[in-house]
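J.: no FASTA, just this:
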């Protein structure tokens, strides 16, 4: 009698027949601490939760189907015998993938790495395709749907803006419009069309029967699919034999990757940003780190009053000399510029106000309340013009938005999230006529004093690791914040309302005089 027997349930789940002792071992093996669990447990409704994610269900002995390779590894590590009753994937064979795709009158030939990604997906029924921003993920998705032309397919994207952008791209690639149904807010969700495009927000409350009509599910920006609503959708797509996710980067957390593998299948990295820059597919990127140096009085004040991360961030966002520095930086940049912020009410709107006063009519503003039509109008306008400035929240512009002639990105609010950082800088990597390089300006606030190290500095160090691992050309310069003035001496106000510290001011200095040193 084998120690483990893997039985089929559906296209989402498997059942593992084993003893109770082995089941508890499996439960421990597939249990992980959720990232930021300590922060989540501070909330009242989660205070009784132990902060762990358990992928193996002890009550039903069920596990995501995509984790079968990990079950075999579990058994091998313990010298357990295992019998697998799950049939191998059925390869969707084309006699010649090149010839087959050319029959669809494509607007341009696919790259070799795109063909390799499609071949892998067709051979394995399910996969996560890891392909950098700007590598043509939408074209990969289009070609994949053409190869699975008889399968009723659900395509899920994270935002309304990306929904419009992706459907428009499919039509431009040659997809017949009558085969597409787009689920828009308040619109019909039912259709006989072969391709249904939607955001997860529009369908996640549908009954299980709705999802069972689909034979194929594709999730764009699949790194977001560990959210509870998206996992719920995937769990209900029990008839979807074909499951594919695409993304430019994944979280390093093991739990994050295993959830995605369980729902979609193994990871397939098809190319790298460095390789695409080298062969000219992507624009070379320069990263310039601007370290803002604060007077000791401000550092002492921050150490005393802003010991929690939210307080430090609110303090920095309300610092008028800091915002004046951002204005002076953006004013001097040539080409189209994207300024990214995190806090809408406490930073984004105020920052746009001062930028708009200094740079109008070149400035445009987007946050979560901006409707899809307005976002698309701004995107098209910037694509058709030069020297435009978009002030946008990370939530609206860090993922999926395509503006090829974007020359500069400014991180007005630093992040330590690998996914957010790499996805955000990817907005500037697409090739455009006359564009020879792209530049990211990363602002790091140095409020270190004595043995105290502030959050913004620590997060900046994390971003440096990401830039190094991606082999980006990086340089830095220190900038005393006292170089920048406002119309009158300003008091630095923190989230607690303290106004007893002033930033010194002097004559403004031309940013072009700054000398960056390569890292």
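T.: Alright, I've got the coordinates. Being a predicted model, the structure only gives us computed values, none of them experimental.
J.: Using the three-state scheme, assign residue 60.
T.: coil (DSSP: H, G, I helix; E, B strand; the rest coil).
J.: count of neighbours near it?
T.: Per other CB atoms under 10 Å, the neighbour tally for residue 60 reads 11. For glycine as for every other residue, the C-beta is placed from the backbone atoms N, C-alpha and C.
J.: For the stretch 301-450 of the chain, give me the ranges with low pLDDT.
T.: Along the stretch 301-450 of the chain, segments meeting pLDDT under 70 span 398-400.
J.: mind listing the strands for it?
T.: 336-341, 363-366, 389-393, 406-411, 438-446 (DSSP state E, counting those that start in this stretch).
J.: Contact partners for the closest residue to residue 265 other than its chain neighbours?
T.: The spatially closest residue to residue 265, leaving aside those adjacent along the chain, is residue 126, at 3.2 Å (CB to CB, 6 or more residues apart in numbering). When contacts are counted by CB atoms under 8 Å, 6 or more residues apart in numbering, residue 126 touches 66, 89, 242-244, 264-266.
J.: still on that earlier bit, reformat the strands of the stretch 301-450 of the chain as JSON lines; add mean neighbour count and distance to residue 429.
T.: Compiled in JSON lines, these are given as follows (neighbours: other CB atoms under 10 Å; distance: least, CB to CB, whole Å):
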{"stretch": "strand 336-341", "mean neighbour count": "26", "distance to residue 429": "12"}
{"stretch": "strand 363-366", "mean neighbour count": "20", "distance to residue 429": "20"}
{"stretch": "strand 389-393", "mean neighbour count": "25", "distance to residue 429": "16"}
{"stretch": "strand 406-411", "mean neighbour count": "24", "distance to residue 429": "9"}
{"stretch": "strand 438-446", "mean neighbour count": "22", "distance to residue 429": "6"}
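J.: can I get the ones you listed in CSV with distance to residue 213?
T.: Shown next, in CSV, are the strands of the stretch 301-450 of the chain (distance: least, CB to CB, whole Å):
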stretch, distance to residue 213
strand 336-341, 38
strand 363-366, 35
strand 389-393, 35
strand 406-411, 39
strand 438-446, 42
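J.: Out of those, which is closest to residue 105?
T.: Shortest distance between residue 105 and the strands of the stretch 301-450 of the chain, using CB to CB, is found for strand 406-411: 30.1 Å.
J.: Show the contacting residues for residue 78.
T.: Residues near residue 78 by CB under 8 Å, 6+ apart: residue 25.
J.: what do you get for residue 118?
T.: With contact taken as CB under 8 Å, 6+ apart, residue 118 is in contact with 97, 110, 140, 143-144, 147.
J.: State the helix or strand in which it lies.
T.: Per DSSP states H and E: residue 118 is located in helix 112-124.
J.: Strand partners (parallel or antiparallel) of the following helix or strand past that helix?
T.: Following helix 112-124 in sequence order, the next helix or strand is strand 126-130 (DSSP H and E). Its sheet considered, strand 126-130 pairs with strand 242-247 (parallel), strand 267-269 (parallel) by DSSP bridges.
J.: Out of those, the one nearest residue 117 is which?
T.: Of all the strands paired with strand 126-130, the one in closest proximity to residue 117, counting by CB to CB, is strand 267-269 (6.6 Å).
J.: avg pLDDT for that closest one?
T.: Averaged across strand 267-269, the pLDDT comes to 89.
J.: Give me the distance between the very next helix or strand once past that strand and the centre of its chain.
T.: Note on strand 267-269: by DSSP H and E, the next helix or strand toward the C-terminus is helix 273-278. When distances are taken as CA atoms, centre = their mean, to the nearest Å, helix 273-278 is centred 19 Å away from the chain's centroid.
J.: Which neighbouring elements make contact with the helix or strand that helix 273-278 is followed by?
T.: Per DSSP H and E, helix 273-278 leads on to strand 285-293 as the next helix or strand towards the C-terminus. Here strand 285-293 touches helix 320-331, strand 438-446, helix 455-469, strand 473-480, going by 3 or more CB pairs under 8 Å, 6 or more residues apart in numbering; DSSP states H and E.
J.: Just the contacts of residue 118: which are in helices?
T.: 97, 140, 143-144, 147 (DSSP state H).
J.: Pick out the most distant pair among the residues you listed.
T.: 97 and 140 (12.6 Å).
J.: Which one of the two is surrounded by more residues?
T.: Higher neighbour count among residue 97 and residue 140: residue 140, with 25 against 17, using other CB under 10 Å.
J.: show me the contacts for that one.
T.: So residue 140 contacts 114, 117-118, 129, 131, 246 (CB under 8 Å, 6+ apart).
J.: Which residues belonging to stretch 295-307 are considered buried?
T.: Buried residues in stretch 295-307, defined by neighbour count with 16 or more other CB atoms under 10 Å: 295, 298-303, 305-306.
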